[in-house]
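[1] give the three-dimensional model of this entry:
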Amino acid sequence: MLNKVFIMGRLTRDPELRRTQSGTAVTSFSLAVDRDFKSQGSEKKETDFIDVVAWRSTAEFVAKYFTKGRMAVVEGRLQIREWKDKDGNNRRSAEVIADNIYFGDSKRDGAGSYDSAPAYGAPSGGYNAPMGGYAAPMGGASAFSEIDEEDGDLPF
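    The predicted structure follows:
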């Protein structure tokens, strides 16, 4: 069985970090996600507001580096939660439980700053590495070396 969700949108409010009674960090927020198409007779795309819940270190990461209006890419799973409202009626809510969260915009595009922010869940130097280009490996040595232009073995 497979339950995997990827969504990209803008935070509708600043995330709030809370803790359970046992001290586990949890953050809930909502993403505004535009649909890929326009409705018939309409000139603009409709927007879905998707609830997201992040736990533990992912929750702390979101609370620290994301603010209202920032673009986020969320990788996680869809969960349907059943509950009773104040009148005793059975209700259902769908939410995404975040496994990994990535920056979806650049530092200059977003409202906040994340100069020293790691890309939570992304490999070091991956497409989600902090802005500023390639980061040299630990120890200061570069992973790149110059090639002599006269090398006849190059395929181009």
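[2] quick one: low-confidence ranges for the chain?
    Applying pLDDT under 70 to the chain picks out residues 107-156.
[3] for the chain, which segments count as helices?
    With DSSP state H as the criterion, the chain has helices at 56-65.
[4] which parts of it are strands?
    Ranges of strands in the chain, per DSSP state E, are 5-11, 16-19, 25-38, 45-55, 71-84, 90-103.
[5] closest one to Lys64 among those?
    Between Lys64 and those, the shortest gap by CB to CB is with strand 16-19, which sits at 8.2 Å. From N, CA and C alone the C-beta is placed, and that goes for glycine too.
[6] got the buried residues for that closest one?
    For strand 16-19, the buried set under the neighbour-count rule, 16 or more other CB atoms under 10 Å, is empty.
[7] format the strands of the chain as JSON lines; extra columns: distance to Val62.
    Shown next, in JSON lines, are the strands of the chain (distance: least, CB to CB, whole Å):
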{"stretch": "strand 5-11", "distance to Val62": "9"}
{"stretch": "strand 16-19", "distance to Val62": "8"}
{"stretch": "strand 25-38", "distance to Val62": "5"}
{"stretch": "strand 45-55", "distance to Val62": "5"}
{"stretch": "strand 71-84", "distance to Val62": "8"}
{"stretch": "strand 90-103", "distance to Val62": "6"}
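[8] that concludes my questions; thank you for your assistance.
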